[in-house]
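J.: I'd like to go over a predicted model; first the sequence, then the structure.
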Amino acid sequence: METTVGMSSVLEQDIREKFRRSGYTLTSQRRAVLEALKEARGHPSAEDVYLTVKRKNPRVALGTVYQALSVLEEIGVVDSKHWSESPTRYDLNVEPHLDIRCARCGAVSEIPGVELGELEENIRYNTPYEVKRTTIVVEGLCPSCREA
């Protein structure tokens, strides 16, 4: 896959297009938040993103990171995950997918090779609800917690 410095070129083009259509500008702060999300393992919280951005730009404010995440979510660049007993997590993968979360330490990963298939379409067909998104999380114990 062709890459540029930082985000992959396909992801970069998609992000630029979403910004162009939205009327928002891809500011240096929003770019820094996107880079932090790309570098993150799992799905980081806003505070995790803030700490990553702050290492490169000590003058950044937490509120700036929250505002950037809000804009990125509004225009469809990132998705937020809301699970009980956990702060909101952010994900650059906005396509339907399964996440797995450690019930002990809270680590989150995507489950590769498992497609949601027709699940979302079946839900739409079998309910009068207007389905906005489907979020599924599987819980278990990560390898580190299993060993402990």
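T.: Sure, I can see it. Numbering: from 1, shown residues only.
J.: from here on, just use CA atoms for contacts and neighbour counts.
T.: OK.
J.: can you list the domain ranges for the chain.
T.: As recorded under automatic domain parsing, the domains making up the chain are 9-90, 95-147.
J.: lowest-confidence helix or strand of this protein?
T.: Sorting the helices and strands of the chain by mean pLDDT, DSSP states H and E puts helix 119-125 at the bottom, at a mean of 83.
J.: for it, buried residues please.
T.: By neighbour count with 16 or more other Cα atoms under 10 Å, helix 119-125 contains the buried residues Glu120.
J.: what's in contact with stretch 34-54?
T.: Identification of contacts with stretch 34-54 by Cα atoms under 8 Å, 6 or more residues apart in numbering yields 6-7, 32-33, 60-62, 65-66, 69, 87-92, 107-110.
J.: quick one: which of those sit in helices?
T.: In helices, defined here by DSSP state H, the members of these are 32-33, 62, 65-66, 69.
J.: okay if I get these as a markdown table plus pLDDT and distance to Gln13?
T.: Below are those laid out as a markdown table (pLDDT from 0 to 100; distance: Cα to Cα, whole Å):
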| residue | pLDDT | distance to Gln13 |
| --- | --- | --- |
| Ala32 | 96 | 16 |
| Val33 | 97 | 17 |
| Leu62 | 96 | 27 |
| Val65 | 97 | 22 |
| Tyr66 | 97 | 23 |
| Leu69 | 97 | 19 |
